[in-house]
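J.: need coordinates for the following:
(chains A and B)
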Number of protein chains: 2
Amino acid sequence: MSKPLEQGATIGILGGGQLGRMLSVAASRLGFKTHIFEPGTNPPAGHVADQITTAPYEDDAALTAFAGAVDVITYEFENIPTSALDTLEALRPIHPNRRALATSQDRLTEKKFLQSLGLNTAPFATVDTLEDLTNAIKTIGTPAILKTRRFGYDGKGQARIMSPDDAPQAFADMAGAPSLLEGFVDFSHEVSVIAARGPQGDIACYDPGENAHINGILHTTTVPAKLTNAQTTDAVLLAARILNALDYVGVMGVELFVTPQGLIVNEFAPRVHNSGHWTQNGCVIDQFEQHIRAVAGWPLGDGKRHSDVTMQNLIGDDMSNIATLSAEPNTALHLYGKADVKPGRKMGHVNRITA
Amino acid sequence: MSKPLEQGATIGILGGGQLGRMLSVAASRLGFKTHIFEPGTNPPAGHVADQITTAPYEDDAALTAFAGAVDVITYEFENIPTSALDTLEALRPIHPNRRALATSQDRLTEKKFLQSLGLNTAPFATVDTLEDLTNAIKTIGTPAILKTRRFGYDGKGQARIMSPDDAPQAFADMAGAPSLLEGFVDFSHEVSVIAARGPQGDIACYDPGENAHINGILHTTTVPAKLTNAQTTDAVLLAARILNALDYVGVMGVELFVTPQGLIVNEFAPRVHNSGHWTQNGCVIDQFEQHIRAVAGWPLGDGKRHSDVTMQNLIGDDMSNIATLSAEPNTALHLYGKADVKPGRKMGHVNRITA
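T.: This next block holds a predicted model:
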């Protein structure tokens, strides 16, 4: 293991959205500079980064120059093209590692990996043809949900199947992309565990948060979540099992369904996670700094919770409520500085301290 | 009063040190960009700012271009040349206002202003000649302290006078600068109030912090401070009196001596203050965001304290303890990313949560 990065070092971040922005801010607290690699212009993270490279992930020269200008590389999203990883990986350490990325990029690989660890998942079947889907519905039943294996987020690339009659339309919605049928899980609520693992194998988990979605997009995360002590322990242990199995370095978000039969893993994301934004106002060390600490080879920070928090996303037109929100007591606003308000676009979030 | 600034607006900050850096980070939380004006190269604030102008305060064209690129101007230090203010003020709003700057820039003006508000200060006399000093010592007695009227900070520009015999050396130490002799105040401890005032005249104060100095430089600030309820109320009321009298907009640090006869105002700084760094880990809204809110015309945030904190400055060689500090529980590190470690230089601080 290499030495911890010293202040003044530069952390390269692939992706310039709000997660990259908040990672940049956290890096600055530890004396680091950041360098953002992002195809889009005027990325939110660019406002608080020391350097920005604006180039597509196919621009090998730009990737090489970027790698040469940074000390370590991390990312804010998991859909990084393989060819870009090939180039970068040869030049600089990338955390979390490639296996974590490859596993989470494909829902089939992810489900198989989770099952190999003895963890519970929703029943699933691969779907490449309409015939596959028809057969899968026979085995798994309805309601069920058809999802593309790759590139899905915020409810995109998904179709609900309430009866076998929905199969053709759902299959058409996938537009030929390799897909997965997931059986319906009868859960009471969803929680997520934000977990971190350092390069020495040390692990730290934040208290699980309880998630509520609207239209497939996270609406609120509330801590503490409704969980028994036994369920909380289970959640932490299964997150640790995933992190260890991947020899993971960094922060991961693990989404879990709570059922009377136990916790079922929905999916994990190899990065800081929207359901961990509450840590900014609930903990001494938030998920963004925790991720930077791990990536920089520092000891993990103390993630103990000092306050109860409800995080609420500000989506699209929620931005018209800023005047009211900014005057609320016990409330911290976090805006991403995105130039255009669009329906469904995450523009910011509020953390409300509830106790 | 103009409308509150909307996210995407740019806040211009004069000075690129650690205070400007932490102001930039706070501005980003509210969706603002920052533009730093700083004569020195590679300023700490530049790592997290959207734009930097590197130019001296005498460069009128650079000041004009800077003002044209921002929506409002604030600053991280009070010794801004008058000519620069003349140029900037004609082009953009500057908060806090010029009177606050002019009053705090000169210890004599400051003391007279405080007395005009009925507030207690140390006894003082102006010293322009050695004869002035000799006479002042006769009136005020010893021990006393001779200070330059302008440009003093962190104990610089000060000489202790323990007996009349020390007068010639102390006078020589001032190198001809207009000075002030301050009588010794028999105080038990020093506290500071970080207070904010918004453009509508609303005021918010953080809990007073108790300061300990080493070699004239702030070493720790501890909250809560040792104060009776009556003293805390006095501290808040006198800070409010100063803010209102100056029609102040922004955050101010007010240093107070605690004596059996009541609180005595040492000095105030028209900016975020080292003794307010604890708010980053003790409050939902820290002093940096509070300042940005005021300057941007937003409602002041909720400055309620959720944790007890001791802030400790990391000066010079304290940086060799980073490995240990980074592993401490309940501790948040804040490093400024300064390229060179120098004796006496503020390199960062730690906030330790104590309850």
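J.: identify each buried residue in the longest helix along chain A, please.
T.: In chain A, with assignment by DSSP state H, the single longest helix is helix A:229-245. For helix A:229-245, the neighbour count (16 or more other CB atoms under 10 Å in any protein chain shown) marks A:231, A:232, A:234, A:235, A:236, A:238, A:239, A:240, A:242, A:243, A:245 as buried. All C-beta atoms are positioned from the backbone trio N, CA, C, and that covers glycine.
J.: for the following helix or strand past it, which strands pair with it and how are they oriented?
T.: Counting by DSSP states H and E, the next helix or strand C-terminal to helix A:229-245 is strand A:250-259. As defined by DSSP bridges, the strand partners of strand A:250-259 come to strand A:189-197 (antiparallel), strand A:262-269 (antiparallel).
J.: export these to JSON lines and tack on mean neighbour count?
T.: Listed next are the strands paired with strand A:250-259 as JSON lines, based on neighbours: other CB atoms under 10 Å in any protein chain shown:
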{"stretch": "strand A:189-197", "mean neighbour count": "26"}
{"stretch": "strand A:262-269", "mean neighbour count": "21"}
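J.: from memory residue A:183 sits against residue A:138, does it?
T.: No: Residue A:183 lies out of contact with residue A:138 (CB atoms under 8 Å); the separation is 11.9 Å.
J.: which of these two has more residues huddled nearby?
T.: residue A:183 (19 against 10; other CB atoms under 10 Å in any protein chain shown).
J.: contact partners for the residue nearest to residue A:342 when sequence neighbours are not counted?
T.: Leaving aside its sequence neighbours, residue A:342 sits nearest to residue A:316 (CB to CB, 6 or more residues apart in numbering or on different chains; 6.2 Å). Residue A:316 is in contact with A:341, A:342, A:343, A:344, A:345, A:347, counting by CB atoms under 8 Å, 6 or more residues apart in numbering or on different chains.
J.: on that earlier part again, got a markdown table for the strands paired with strand A:250-259, with mean pLDDT and distance to residue B:259 too?
T.: Formatted as a markdown table, the strands paired with strand A:250-259 follow (pLDDT from 0 to 100; distance: least, CB to CB, whole Å):
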| stretch | mean pLDDT | distance to residue B:259 |
| --- | --- | --- |
| strand A:189-197 | 98 | 48 |
| strand A:262-269 | 96 | 57 |
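J.: and of those strands, who's closest to residue A:249?
T.: Minimum separation from residue A:249 across the strands paired with strand A:250-259 (CB to CB) falls at strand A:189-197, 6.1 Å.
J.: wait, what's in contact with the residue in the stretch 251-355 of chain A that chain B sits nearest to?
T.: Proximity of the stretch 251-355 of chain A to chain B (CB to the nearest CB) peaks at residue A:335, 3.1 Å away. Residues in contact with residue A:335 (CB under 8 Å, 6+ apart) are A:314, A:322, A:347, A:348, B:7, B:29, B:30, B:31.
J.: show the pLDDT at the residue in the stretch 51-200 of chain A that chain B sits nearest to.
T.: Closest residue of the stretch 51-200 of chain A to chain B, CB to the nearest CB: residue A:51 (9.4 Å). As predicted, residue A:51 sits at a pLDDT of 98.
J.: that one against residue A:35, yeah?
T.: Yes: taking contacts as CB under 8 Å, residue A:51 lies within contact range of residue A:35: 4.1 Å.
J.: return every residue with contacts to both of these two.
T.: Common neighbours of residue A:51 and residue A:35 (CB under 8 Å, 6+ apart) are A:10, A:69.
J.: of those two, which one has the most company?
T.: For residue A:51 versus residue A:35, neighbours defined as other CB under 10 Å are more numerous around residue A:35 (20 against 16).
J.: ok, the helix or strand harbouring that one near chain B or not?
T.: Residue A:35 belongs to strand A:33-38 when assigned by DSSP H and E. Yes: Strand A:33-38 reaches chain B (CB under 8 Å from any CB of the partner chain) through A:33, A:34.
J.: ok, now which ones touch residue A:74?
T.: A:11, A:12, A:13, A:14, A:23, A:94, A:95, A:96, A:250, A:291, A:292, A:295.
J.: in helices, which of those residues appear?
T.: Per DSSP H, the contacts of residue A:74 map to helices at A:23, A:291, A:292, A:295.
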